[in-house]
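Student: coords below, sequence missing:
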């Protein structure tokens, strides 16, 4: 078993000396030897330099004691030497005995001095050896036969074996060492160059594998022969696992980067960041205001932004043959009218990390592409030489959107024309009432004028009503024309009671012919409507006209009621109620469909037009039968459309 060494078993930072038992034994032996030498030198007739044997006493004490013990041994041996000389020779005289005494004293003093110096050197060595235990690295020493002779605390922590368990065992067997390369090559380099560095695969005491970054140094003797190998190791298991995870992450990133179907860019913003740092140093805190005042800064920054890598999708997107054609300043691909890069600069300046938006790119053919981009900036103080930008080409989608919008406009126009066709089918129905009123008022005016004594006042009233109905007929025609055109509706505020009175005048002849009584019940709290007055008047006239005709064949009371009030759900509710025959069950489900009618001469367009008109104002039209006979037609207008503040 090799001897124990200073840092093999002692706690770190402790000065190592002989064990307590050995120290006591050496001190006792030195004392007995000193007494024996004194007796022989003093009480025997030997004439030799017996006192020189005191050197052994000093050496024994030096091997066992402290600095004070060594000095005490030197002083004690010197006194014993002088005492023996005085006892045997009396007062000193210059003779051979005195010379032997002086030589003995000199030898004792020199031996003591050398012992003190040797002890100091040993203490320094011990302190230096103890420092090895303070390092976190594993350090152990093995001989040329691979037997471990030294083992520090770092090795204990790394491998789990204590120094007592490790010393004396072969390192390669204890640690199950495996080499990444050839063991013979490693030994050849170590013995030829005196050192070797590399990675080893070794085993912990509990069986787990540890990766060690090892550094070996060969110690030689004065003759140049190899004696010991010092091996220092650092556990890199966690680092290698992190490196492997990072490499795998980088591999996945590159695989995604290269194989993605949409465009990926890597850009270098280092020069831009330097320019921004200069601005910060100049006291610029509001970059948006600075860019507004210095518009050239944005373009300069764009030219300083370098495209460092692109994927295959980007090469296809920009019409290049090789990716190298796309590397370089970013401003080649951003049109001069671009405004999104300024937002990117604000993101960089404010450190918010991400920017996204819609912009345009110019490919190598000079074609403009519409794209969505997302840019991820690193957070905090970091390198800006690898900023990732993802780009999605939406040029085709934009074209499709524009085409769809154009198609929608055409379809809307076609829908208007279709409605016009439907309305044209019922134009006689819509205009018939004002035309009939015109004829009636014209004939009445003629009768008043043809009297022997013409009644000019009545004739004038008839002509005024004729003009009013003619204007109303014209408004109906104009509204039909506006539906076919792209003119917006004219929503105005109007008096609902005045509109009801006008409807009553228009239908006055029919109500008189069918002996129908009219009740107008408009709540004072009802909001004042706002909408297309002519269209809403047509709705009311249609509903009232249908109600009058439904009561034409009903015996008994014939009563038409027009109500208006504010409903609970903040809508304006208008009701047209009659005492007629009601709604037949066979058409109730399709009452508001086009070309559905219960009258023999009807075209079935009136209620369909009424429903589309009400719905275009944001309301709803429905009908129900009354239990006591007749029907109620109701329609609503939302407050947001119908209501005008009553203040």
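Tutor: Yep, it's here. Every value quoted in this text rests on a predicted model; they were computed, and no experiment measured them.
Student: you'd agree residue 212 is up against residue 158?
Tutor: Yes. Counting by C-beta atoms under 8 Å, residue 212 touches residue 158, with 7.4 Å between them. Just so you know, the C-beta spots here come from the backbone N, C-alpha and C atoms, and that holds for glycine as well.
Student: please enumerate the shared neighbours of these two.
Tutor: The contact sets of residue 212 and residue 158 overlap at 138, 233, 235 (C-beta atoms under 8 Å, 6 or more residues apart in numbering).
Student: of those residues, which belong to strands?
Tutor: Under the assignment DSSP state E, these contribute 138, 233, 235 to strands.
Student: in its sheet, which strands sit next to the top strand by length along the chain, and in what direction?
Tutor: In the chain, with assignment by DSSP E, the single longest strand is strand 209-220. Take DSSP bridges as the rule and strand 209-220 pairs in its sheet with strand 195-203 (antiparallel), strand 226-235 (antiparallel).
Student: okay, those, which one's buried deepest?
Tutor: strand 226-235 (a mean of 18; mean count of other C-beta atoms under 10 Å).
Student: which residues are in contact with it?
Tutor: Residues from elsewhere that reach strand 226-235 (C-beta under 8 Å, 6+ apart): 137-144, 149-150, 155, 158, 171, 190-191, 200, 210-221.
Student: before we move on, the earlier item: the longest strand of the chain - what's its average pLDDT?
Tutor: Strand 209-220 carries an average pLDDT of 90.
Student: buried set for it?
Tutor: 210, 211, 212, 213, 214, 215, 216, 218 (16 or more other C-beta atoms under 10 Å).
Student: again, but for stretch 94-102
Tutor: Using 16+ other C-beta under 10 Å as the test for burial, stretch 94-102 gives 97, 100, 101.
Student: likewise for stretch 443-457?
Tutor: Neighbour-count burial for stretch 443-457 [16+ other C-beta under 10 Å]: 444, 445, 448.
Student: how about low-confidence regions in the stretch 251-400 of the chain?
Tutor: Low-confidence segments of the stretch 251-400 of the chain (pLDDT under 70): 351-353, 378-383.
Student: tell me what whatever helix or strand residue 275 lives in is packed against?
Tutor: Following DSSP states H and E, one finds residue 275 within helix 270-281. Counting contacts by 3 or more C-beta pairs under 8 Å, 6 or more residues apart in numbering; DSSP states H and E, helix 270-281 packs against helix 287-293, helix 296-304, helix 340-350.
Student: in its sheet, what does the helix or strand just after the second one sit against?
Tutor: In this case it means helix 296-304. As assigned by DSSP H and E, the chain's next helix or strand after helix 296-304 is strand 306-310. Partners of strand 306-310 in the sheet, by DSSP bridges, are strand 263-268 (antiparallel), strand 328-329 (antiparallel).
Student: tell me the helix or strand right after strand 306-310.
Tutor: Using DSSP H and E, the next helix or strand after strand 306-310 towards the C-terminus is helix 312-317.
Student: for that following helix, packing partners?
Tutor: For helix 312-317, the packing partners by 3+ C-beta pairs under 8 Å, 6+ apart come out as strand 263-268, strand 387-393.
Student: tabulate the ones you listed (JSON lines), appending distance to residue 321.
Tutor: Shown next, in JSON lines, are those (distance: least, C-beta to C-beta, whole Å):
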{"stretch": "strand 263-268", "distance to residue 321": "16"}
{"stretch": "strand 387-393", "distance to residue 321": "19"}
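Student: let's have those in TSV, adding mean neighbour count and distance to residue 541.
Tutor: Output for these, formatted as TSV (neighbours: other C-beta atoms under 10 Å; distance: least, C-beta to C-beta, whole Å):
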stretch	mean neighbour count	distance to residue 541
strand 263-268	20	62
strand 387-393	19	56
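Student: show me where the stretch 101-250 of the chain has its helices.
Tutor: Applying DSSP state H, counting those that start in this stretch to the stretch 101-250 of the chain gives helices spanning 153-159, 163-166, 171-174, 183-193, 237-259.
Student: pick the most buried one from those.
Tutor: helix 153-159 (a mean of 21).
Student: show me what that one is packed against.
Tutor: If you count contacts as 3+ C-beta pairs under 8 Å, 6+ apart, helix 153-159 packs onto strand 138-143, helix 163-166, strand 209-220, strand 226-235.
Student: so the longest one versus helix 183-193, what angle?
Tutor: It stands for strand 209-220. If you take axes from the mean of the first three to the mean of the last three C-alpha atoms, to 10 degrees, strand 209-220 sits at 30 degrees to helix 183-193.
Student: show me how far strand 209-220 is from its chain's centre.
Tutor: Here strand 209-220 is found 44 Å from its chain centre; the criterion is C-alpha atoms, centre = their mean, to the nearest Å.
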